[in-house]
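S.K.: I need the structure of the sequence given here:
(chains A and B)
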Amino acid sequence: MSVIAGTGRRWSPPPFIPNPWLRHGLTVGAAVYLALALGSLEVNWTRVVEGLGRGWHFVLAFAPPDFVSRRAEIVEGLAESLVMTVTSTVIGIAISIPIGLGAARNLAPLPVYLLCRGIVAVARTLQEIIVAILFVAMVGFGPLAGMLTLSFATIGFLSKLLAEDIEDTDPGQLEAIRATGASWLQLLNYGVQPQVMPRLIGLSLYRFDINFRESAVIGIVGAGGIGATLNTAFDRYEYDTAAAILLAIIVIVMAAEYLSGIIRRRVQ
Amino acid sequence: MAGADADGLLRLEGLAKRYPTGDEALRGVDLSVPAGQVMALIGPSGAGKSTLIRCVNRLVEPTRGRVFLAGEEVTGLGAAALRRARRRMGMIFQEFALVERLTVMENVLSGRLGYVGFWASWLRRFPPGDVEAAFRLLERVGLVEFVDKRADELSGGQRQRVGIARALVQEPQILLIDEPTASLDPKTSRQIMRLICELCEERRLAAIINIHDVGLAQMFAQRVVGLRQGKVVYDGPPAGLTPEVLTTIYGEEDWAQTIRKDDDEGPAGPRAADEERMAGLR
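M.R.: Numbering: from 1, shown residues only, chains lettered A, B, ... in the order given. Prediction:
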């Protein structure tokens, strides 16, 4: 390769932070903090070595998984989780659509927008476990609390992403529909819906996956479903049954993931 | 012909628009367009052409001034009355603005949304007369075999034809046309302009056409209005666009090549327009 003798002009891309003192200061600061943070963790290596053996025994206790002795409880738990997942996903979607429309700045007037964004913010800030504890306290142990929790979480997730997708729609298409003298509902049906439908379907199926997985977690705090069964198995030290439950959850989640992948590809 | 008669189909009185950003897009425009007149609106980018036609159907709310369509004041109408008024104003867009995931037929029928109720439109059960009108228009623009194609499968020229059919199925009295040819090649541009003008003549429609291409404006319009910084600086026949007038509208430039000299659409015709485009590339 031959290099053309130049005039000595050099070029490098402009840095993200123009001030060199700030730029290098931040880098050094971050490195120092990371070093101090790692130093403060106090890893007890002898404890870790002992723990490895204990962990291994714990894992061994899972094998072989026992699907049989608590079969009825496992089936019941899975059925309950599935019921929670389906109902909460459907209810969540049904409530998310109006909230998502209201939280889209290009469709909603400012007061409605702020109200809906507020609902979204509340639904997203509270973690599922905390919401589940709240609902268990309100409606008692069982799948109803789980269903309410997952519906609530679905609203936070779906209405936010739907609102953002609506805000990303092509304003030209909306303008064209408005210019025909269409009403607001017709604008939604002809201008917005065709643009957001594929993503709404994709997100709903994704949320279905998440809700099933979450149903296994919130059961631990008393919100019913397979999580409750799993928790009971651990409490009784029946690790082989717990292993069977975990395997069942993994298989169902993977199957749901696979199916939703197929559907999502088809609606694009 | 170029002069506006006092009671035009469309009348703008002191129309002004100031955007929240402080941009004064329109600074008091008075204009009158008689029925059946095709008027080209020319002017540099940012002169307020798009704002002007959007203030007519209030996709953009004017800050001051009044708009009259066939004697009815459009400014100041309530939501429902405004929707009824919009039915009489068809709009055609630069980027076509078809709903991409809907079929050609759904896009054309969306022009009837102002006439049908929500449930009928939701179930796609439009009155037979509307469907027949849509078919006839698709035949007229040469796309009848594409009825069930999705709009995003069409070429630019085909999309604009669907856009034209959508505007016409409204049975409007006036067409508001925003840069109909800016996304099209020179040949398709001329075909689209010719189609629009033929349809306006067939149906005795008035039209306001925003257009960058001075050559095309001269070729097809009966009247040219020049807009600069939100004000009308020229209003007259296409033949009146002298280099001096173009300098008033656009600013100093060598305009000799831009102005169309011959009236026939011979092979020399497109050169003026093309050369203006080439000039922009240099």
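S.K.: who in chain B is up against chain A?
M.R.: For chain B, the residues found near chain A under the criterion CB under 8 Å from any CB of the partner chain are B:57, B:59, B:83-87, B:89-91, B:93, B:95, B:97-102, B:106, B:110-115, B:118, B:121-122, B:163, B:166, B:170, B:176. No exception for glycine: its C-beta is placed from N, CA and C like everyone else's.
S.K.: Buried among those residues? Make that a PyMOL selection.
M.R.: Provided next is the PyMOL selection string for whichever of the residues of chain B next to chain A are buried by 16 or more other CB atoms under 10 Å in any protein chain shown:
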select buried, chain B and resi 57+59+83+85+86+87+89+90+91+93+95+97+98+99+100+101+102+106+110+111+112+113+114+115+121+163+166+170+176
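S.K.: quick one: which of the residues of chain B next to chain A sit in helices?
M.R.: Here DSSP state H is the test, and the residues of chain B next to chain A give B:83, B:84, B:85, B:86, B:87, B:106, B:118, B:121, B:122, B:163, B:166 as lying in helices.
S.K.: residues contacting the residue nearest the centre of chain A?
M.R.: If you average the C-alpha coordinates of chain A and look for the closest C-alpha using CA atoms, centre = their mean, you land on residue A:210, 5.9 Å from that point. Contact analysis of residue A:210 by CB atoms under 8 Å, 6 or more residues apart in numbering or on different chains lists residue A:157.
S.K.: how deep is the closest residue in space to residue A:66 that isn't next to it in sequence tucked in, by neighbour count?
M.R.: Closest residue in space to residue A:66, ignoring its immediate chain neighbours: residue A:240 at 3.7 Å, by CB to CB, 6 or more residues apart in numbering or on different chains. Residue neighbour count, defined by other CB atoms under 10 Å in any protein chain shown, stands at 18 for residue A:240.
S.K.: What residues of the helix or strand where residue A:240 lies count as buried?
M.R.: For residue A:240, the host element (DSSP states H and E) is helix A:239-267. Taking 16+ other CB under 10 Å as the basis for neighbour counts, the residues of helix A:239-267 that come out buried are A:239-246, A:248-249, A:252, A:256, A:260, A:264.
S.K.: Turn these into a markdown table, including distance to residue B:238.
M.R.: Supplementary listing: those in a markdown table, determined by distance: CB to CB, whole Å:
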| residue | distance to residue B:238 |
| --- | --- |
| A:239 | 89 |
| A:240 | 90 |
| A:241 | 88 |
| A:242 | 85 |
| A:243 | 84 |
| A:244 | 84 |
| A:245 | 81 |
| A:246 | 79 |
| A:248 | 78 |
| A:249 | 75 |
| A:252 | 72 |
| A:256 | 66 |
| A:260 | 60 |
| A:264 | 54 |
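S.K.: Counting neighbours, what do you get for the residue nearest to residue A:187 when sequence neighbours are not counted?
M.R.: With sequence-adjacent residues excluded and distances taken as CB to CB, 6+ apart, residue A:187 is closest to residue A:177, at 5.2 Å. As a burial measure, the neighbour count of residue A:177 was computed by other CB under 10 Å and equals 24.
S.K.: And residue A:47, by the same measure?
M.R.: Around residue A:47 there are 9 other residues, counting by other CB under 10 Å.
S.K.: and it, backbone torsions?
M.R.: phi -60, psi -40 (degrees, to the nearest 10).
S.K.: contacting residues around residue 147?
M.R.: If you meant another chain, say so; for now it's chain A. By CB under 8 Å, 6+ apart, the neighbours of residue A:147 are A:83, A:84, A:87, A:88, A:91.
S.K.: that's the wrong chain, I wanted chain B
M.R.: B:103, B:104, B:105, B:135, B:138.
S.K.: Much appreciated, bye for now.
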